[in-house]
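1. Here is a sequence with its predicted model. Questions after.
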Amino acid sequence: MLAGMPPPLSPPDRPLPAELAGASSHGYNCRCVAVHFGLDPAPYGVLPACSLTGAEYQGLLEEALEIQRTAKDLAAARDIAGAQREYGRMRQLAHRLDRTDLELAAVSDLATVCYSAGDLNNARVCAEAVLSAFRVGAAAVVHFGQYAEIRMMEGSREVAERVLVSLSTEEGDVARARELIAGQRRRAALRKAAEPGQYPRELLDPHGADELTLRILEARVQVAAGDPAGALATLEDILTALQAIGGVEEVRDQVASLQAMANAERARLRQAGGEDAAARADLFRLDAQHEGRPAAAKFAVDLAADRALGGDFRGAVSAIVAARDELTAAGATGDVAEASHALGSLLLLAGDARQARAQFEHAGALWKANGDTPNQRRRDVALARCAAAEGDWAAAEEHVTRARESARASGMWLQRLHTDFAAAEIGFARGDDLPAVLDLLLPAALAAADYRFEFVSPRARAAWARDVAGPATELLMALLARLKEPRLAAELIERTCAVGAYTGAEAPALDLTGTPPIPEPEPPAAGLPLAALGAVTASLPLRLAPPPALRWSPGSPMRLDHWLRIAAERYGLPRPETETVATWSAAEACRETFVLRYADAGHTYLSWRTADDLDTVHTHPVDAALVATARELLAGASPTPREGESVADAVRRALGDDAFGGFTGEQRLARILALNLLPADLVARLRDAAASGRRPLLRVQPSPSLAAVPWGLLALPDRRPDHVLELGEEGTCFDGDDRVLDVADVSLLAPAGIPRRPPSGAGPPVYLLDPRIPGQSAFGDLGSVLGKQDPASPLIRHLDARLAAGPVRPPAARGLDLVRRTDTDRVLLARLLAEPCSRLVFVGHVSRVRDEHGAQTALHLSCLAELPGTAEPIGAHRPFTAADLALSEVAAMPARVALIGCASAGDFGLAEPFGVLLAAVAAGARLVAATVWALPTSAAVPDADPMAELVIAVDTALAGDDPVTELCAWQRGRLARWRERPEPARSPVFWAALTCLDASDDGQTWVR
């Protein structure tokens, strides 16, 4: 009697309360229990377990628990059909034993299995059935006093609720998912606070594995809430914690399952975040871990898709078909649908819309049967693309409309954004109602662009820009060109160019004060042919901010403001209030100012206008092929080393006759760059403005693809070709050798979105000239850029003259003492800038951070590795990054700064424009002289010292009244000498890279 269960505390009642009508389990409401209490057994039912002996009962119970273990192993291997069979057997035994707790354990596990297989309908049915049975069972337990069973049933409730957390997350009900997780945590705390022995050990989570399960679910909720970067960081912490308890026998299987789950989530997020190599590594590990089991087939589908992108289309298709067959046999219907969708995507990419449609329909049928609404939207979008590819516009419209209606009903604005963009693509391809496409696409593109700034990680921002915001903007620019909407196109270019502000709330300020360690003496000096463009590993603990509110002109707001409001309302994006920032330059008396901006969006687009006529705008597309040609030719001519090229070889190539070593090659380059990048109407206006008297000022903000262009060197075409020119035919468009420098002064334009601090006050100049870098020899990669200097050298004589005219910092008795110092580190820089100074002149090495997405640049000062900073040390040396400057306690930069080093103006070439150049502007610099490519040092031409000439020219100009005009005049003099006698020492390779970023007259001094 009562085999396997302790007797209840209270006798069974008759009649049963209505709420307990379904409670008839062995242990509290059967005939043998009535007999135990001396009651008449006639009104009570006979249950199978009443007739079991204790040994029989125990044997069946052990068999049921062993079946559960087997089912869990099959589920972990994604053998869905096998797991379901075993759980069916477990339920049969639960009925024989009259054990509600075993029944709920089987059904809750089945809910998990169904969810992992993509069968969302049955997952929900099972989970809700568990919760319903738990409520009745719990009431019966309390009524009859049989508390042993409820403690076993509680674990099943937790499992079922976790399935509901996942389902709520899939549906975008983030609030419900978080509510369920919070409830689980409250109950876990109560169990731990209970008296010892009240709950079985596995419900007390002694090793924290259940809490880590909840954290994985929270990571999924983070993604649904729009924070994939935060979710990725959470998963990294979870995997570290799982590694720490992986050796505990009691939770070893659970930890292995959680590791696979967390790794799969991380792979998905890494893939979405642009970390393709890391994602592949995760998938390969998972594939190897589950080799020979159905789970490996799931990961093989993801790897096959990546294989197709690598060029092996046939192999990828075969791999997906084989994986799908294995998943079908395993009963993993959700994975089978994903495989069919992946196969359809490859076929559509290959142009086979008919076969692709069949695959998408197969996937859709499975998703419909499973009740998977989000994936049914994917099916509709895919079928719409197939119909559009075949020209069946009615079918395409029907499918995409259904997807959009479903997305709106879901309340998930990212889903709405995706489906709206798909509808815009189809509408654009159809082409019969382009204004309606604009109404749909413009808010979607603006929302996609702004959502990028919600990501903390630069990689995630880059991936979002590549996969979502970039394609949307590319399509929008093409649409605006077709609609002949130059003003909206120009405003979009201006808004793209305004990005550049960073916030540092995520990182503590760097303390640059204190006594630095004394560096060791450096080996004897020797010359280098190039001021080497090194590579630095660093982290960027700053977050890119969205552009501020912009204004088009004093008399006209941005027309995009209306569309930004629509985007915010339609897609639920916040629009924080910011100070309105001007996008134009101040006009100068008797001098025309031109503002020229470029933005990359598939092709490159430019806009230009003048300070005297801000409301008249000119926009032009520049075909991507033309930009590619310009970049290729410029890369072949500039001294910046290419992949695998030595510094010496790069300098020799740049000084060759086909590059910057001969006038014919250099002129050909200047002409091709101009024909490809400068619009004819701008060239004509520049010439007209120059003919009227004073040279105009051309202010350029290049796109990342055009960051290395020496704008002043570009030739001015006299006519445009009427056909595509072959290389060598460009001379037919020119009558002479007029360059932009001949007719205009040229400067760079800072992004409008960078908040500016006021500069420091007037004071002595600060010189950081060729700092000695700890652990680096003078003839190494980070050696001397100025070479051997002596009292008779032109640069030293120039510095002696500066000392004679007044104090300089750091204090020095002679000019030679300002060069190759060992104390010019970040600590000294902070101290020097704490006092007023008129200008800062840095000459040395500048490096780009070694990062796939190029987040920042770094100066190489005399900093030892022990000093604080965001860059990884290079031996005994730690580079000084833009983030170090932004996070430091440096009060302000002087109004004028020179950063003479390799590609020190390369900020504009970064995917997110932030380097020491723009960090200096944010810190208060109003004018920064920098270079757009790697500078050869004077060692490349032993009989001359062009590097010293450049440094002297820059320092002289920064001390003058109008640095931009003076530096352009100096470059015109260099150009005249080059035309007169084109020899290596006079080559533009030494002086044409110099440019000025002029933020002195934009009138912006504001701090975000």
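-> Alright, I've got the coordinates.
2. burial of Ala267, as a residue count?
-> Number of residues near Ala267 (other CB atoms under 10 Å) recorded here: 23. Yep, even glycine has a C-beta here, placed from its N, CA and C like the rest.
3. Pretty sure it sits in a helix.
-> Yes: under DSSP: H, G, I helix; E, B strand; the rest coil, Ala267 sits within a helix.
4. Quick check: the gap between it and Leu239.
-> Using CB to CB, to the nearest Å, one gets 12 Å for the distance from Ala267 to Leu239.
5. got it, and Met153?
-> 32 Å.
6. more neighbours, those two?
-> Using other CB under 10 Å as the criterion, Met153 and Leu239 rank with Met153 on top: 22 against 18.
7. before we move on, which element is the more buried one in?
-> According to DSSP states H and E, Met153 maps onto helix 147-170.
8. From the contact counts, what lies against that helix?
-> Counting by 3 or more CB pairs under 8 Å, 6 or more residues apart in numbering; DSSP states H and E, the packing neighbours recorded for helix 147-170 are helix 100-116, helix 120-144, helix 174-193, helix 209-224.
9. Which helix or strand in this structure has the lowest average pLDDT?
-> When the helices and strands of the chain are scored by mean pLDDT, DSSP states H and E, strand 535-536 comes last with a mean of 52.
10. in its sheet, what does the following helix or strand past it sit against?
-> Reading on from strand 535-536 to the C-terminus, the next helix or strand found by DSSP H and E is strand 543-544. Note on strand 543-544: by DSSP bridges, its sheet partners are strand 502-503 (antiparallel).
11. SS state for Ala813?
-> coil.
12. Tally up the residues packed near it, please.
-> 8.
13. how about it, what does it touch?
-> Leu803 (CB atoms under 8 Å, 6 or more residues apart in numbering).
14. i'd like the first residue to be 56 from this point on
-> In the new numbering, first residue 56, that becomes Ala868.
15. Quick check: it vs Ala859, distance?
-> For Ala868, the distance to Ala859 - CB to CB - is 12 Å.
16. mind listing what's buried in the one helix or strand Arg409 maps to?
-> Assessed by DSSP H and E, Arg409 sits inside helix 408-425. Using 16 or more other CB atoms under 10 Å as the test for burial, helix 408-425 gives Ala408, Ala411, Arg412, Ala413, Gln414, Phe415, His417, Ala418, Gly419, Leu421, Trp422, Asn425.
17. Closest one of the residues you listed to Ala703?
-> Nearest to Ala703 out of the buried residues of helix 408-425 is Ala411 (CB to CB; 52.4 Å).
18. Just confirm that closest one contacts Leu403, I think it does.
-> Yes: using CB atoms under 8 Å, Ala411 is in contact with Leu403, at 3.9 Å.
19. give me the low-pLDDT residue ranges for the chain?
-> Residue ranges of the chain with pLDDT under 70: 56-84, 86, 196-206, 281, 326-349, 558-596, 905-910, 944, 946, 1056-1063.
20. domains of it?
-> The chain breaks down by automatic domain parsing into domains covering 56-205, 223-328, 821-1053.
21. Could you identify which of those domains is most buried?
-> Across the domains of the chain, averaging neighbours per residue (mean count of other CB atoms under 10 Å) puts domain 821-1053 on top, at a mean of 22.
22. so Val983 sits in a strand?
-> Yes: with three-state DSSP as the criterion, Val983 is part of a strand.
23. can you give me how far stretch 170-180 is from the chain middle?
-> 32 Å (CA atoms, centre = their mean, to the nearest Å).
24. Give me the contacts around that stretch.
-> 130, 133, 135, 165-167, 169, 218-219, 221-222, 225, 386-390, 392-393, 421-422, 424-427, 430.
25. at 6 Å instead, please
-> Ile135, Ala166, Cys169, Val218, Ser221, Leu222, Ala387, Thr388, Gly389, Asn425, Gly426, Asp427 (CB atoms under 6 Å, 6 or more residues apart in numbering).
26. Equivalent analysis for stretch 736-749, please.
-> Cys645, Arg646, Glu647, Trp663, His673, Pro751, Leu771, Val798, Ala799.
27. Quick check: strands, which of the residues you listed are part of them?
-> Trp663, His673 (DSSP state E).
28. Distance to Pro891 and neighbour count added to the contacts of stretch 736-749, as a markdown table?
-> Shown next, in a markdown table, are the contacts of stretch 736-749 (distance: CB to CB, whole Å; neighbours: other CB atoms under 10 Å):
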| residue | distance to Pro891 | neighbour count |
| --- | --- | --- |
| Cys645 | 33 | 7 |
| Arg646 | 30 | 17 |
| Glu647 | 35 | 23 |
| Trp663 | 38 | 24 |
| His673 | 42 | 16 |
| Pro751 | 34 | 24 |
| Leu771 | 42 | 26 |
| Val798 | 38 | 18 |
| Ala799 | 34 | 24 |
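29. So which of the contacts of stretch 736-749 are in helices?
-> Judged by DSSP state H, those include Val798 as members of helices.
30. want to throw the contacts of stretch 736-749 into JSON lines with distance to Ala264?
-> Shown next, in JSON lines, are those (distance: CB to CB, whole Å):
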{"residue": "Cys645", "distance to Ala264": "77"}
{"residue": "Arg646", "distance to Ala264": "72"}
{"residue": "Glu647", "distance to Ala264": "71"}
{"residue": "Trp663", "distance to Ala264": "62"}
{"residue": "His673", "distance to Ala264": "64"}
{"residue": "Pro751", "distance to Ala264": "70"}
{"residue": "Leu771", "distance to Ala264": "71"}
{"residue": "Val798", "distance to Ala264": "73"}
{"residue": "Ala799", "distance to Ala264": "69"}
